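> here you go, sequence then predicted model.
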Amino acid sequence: MLEYEPGDLTCVVEAGIRLSALNARLAERGQRLSLDPPGDPTLGACVAADLSGPLSHRFGTMRDLLLGITVVLSDGTVANSGGKVVKNVAGYDLAKLFCGSQGRLGLIVRVSLRLHPLPAAARSLSVPVPGPAEGRRLLRELRHSQLVPSAADLQVPGRLALLFEGAPRGVDAELEAARELLGGEESDPWGELLAFQAGARGRVPFDGVAGPEPPFLARRDTAYVEREVDGRWPPLAERVRAALDPEGVLA
């Protein structure tokens, strides 16, 4: 770890550090990087593939936790973007361009990250979901309630898994409120869900009907793990790539 400001909930680390190693160090001060993709990727891989996990429901993906970045461009230029504080509003946030870029815009060297406190308590609820219609109904109920889960994951057919974190009394109250509203039983499904995501290798599309076993996620736009790249870029992204790498060294 290059820099760490526990009071500001920020840190600067080299891109090659593993997520588990970073969180082990942060846990000593009661903090964490609220990112939980399957496996144990490096921070550079998390940025390059914009990795995420179930905690993205509340904390967002790597793109939302990235405050700044240092990269080496194709001509050897060392470029810095963003800053080391959460409320950094100066200029265009070029760091976000590198999230999901698969390393094609430059080599990621360092990242500045937003942190969160470790929760004092955590409990999970699993709600049976017999089909897509019931899954959509449960999600509507959740969105219109006062519940604020840290993680939510819906499998169809299967279950809706919810994670509640915070002070013990608050977590107990939220879990009971969720059980009253949605039903279900307390469990710990997250290891199984992350293993499924790792095996799915990226986006698993939802077409509104029951899928093969194991059941697939009912979210079209979530990529928990690095996925195959077909080589095609949107027009705007291609213009940015050409500007940063005119010789096509990283293409």
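Received it, and whenever you're ready, just let me know what you need. Numbers count the residues shown, from 1 in each chain.

> mind listing the helices for the stretch 1-150 of the chain?
For the stretch 1-150 of the chain, applying DSSP state H, counting those that start in this stretch gives helices covering 19-27, 43-48, 56-59, 62-65, 132-143.

> so where's this protein uncertain?
The model of the chain has pLDDT under 70 over residues 85-92, 155-157, 200-234, 236-237, 240-241, 244, 248-251.

> at the geometric centre of it, which residue sits there?
Nearest to the mean C-alpha position of the chain, by Cα atoms, centre = their mean, lies residue 52 at 2.5 Å.

> deepest-packed of the helices of the stretch 1-150 of the chain, please.
With neighbours taken as mean count of other Cβ atoms under 10 Å, these reach their highest mean count in helix 43-48, at a mean of 24. No exception for glycine: its C-beta is placed from N, CA and C like everyone else's.

> can you list contacts of it?
Residues from elsewhere that reach helix 43-48 (Cβ atoms under 8 Å, 6 or more residues apart in numbering): 13-19, 22, 35, 37, 51, 62, 66, 69, 98-103, 108, 111, 113, 226.

> now swap in stretch 135-145 and tell me
Residues outside stretch 135-145 that contact it (Cβ under 8 Å, 6+ apart): 127, 129, 149, 152, 154, 156, 160, 162, 177, 181, 182, 218.

> can you list those in CSV and add neighbour count, secondary structure and distance to residue 139?
Output for the contacts of stretch 135-145, formatted as CSV (neighbours: other Cβ atoms under 10 Å; DSSP: H, G, I helix; E, B strand; the rest coil; distance: Cβ to Cβ, whole Å):
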residue, neighbour count, secondary structure, distance to residue 139
127, 23, strand, 11
129, 25, strand, 10
149, 22, coil, 11
152, 19, strand, 8
154, 22, strand, 7
156, 24, strand, 11
160, 27, strand, 8
162, 28, strand, 11
177, 14, helix, 16
181, 16, helix, 12
182, 20, helix, 10
218, 23, coil, 8
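
> mark out where each domain of the protein begins and ends.
The record assigns the chain these domain ranges, following automatic domain parsing: 3-117, 121-217.

> nearest to residue 238, of the ones you listed?
Closest approach to residue 238 among the domains of the chain is made by domain 3-117 (10.0 Å; Cβ to Cβ).

> centre of the chain to the closest one, how far?
11 Å (Cα atoms, centre = their mean, to the nearest Å).

> got it, and stretch 115-130?
Worked out by Cα atoms, centre = their mean, stretch 115-130 lies 15 Å from the chain centre.

> mind listing what's buried in that stretch?
For stretch 115-130, a neighbour-count test (16 or more other Cβ atoms under 10 Å) marks 115, 116, 119, 122, 123, 124, 125, 126, 127, 129 as buried.
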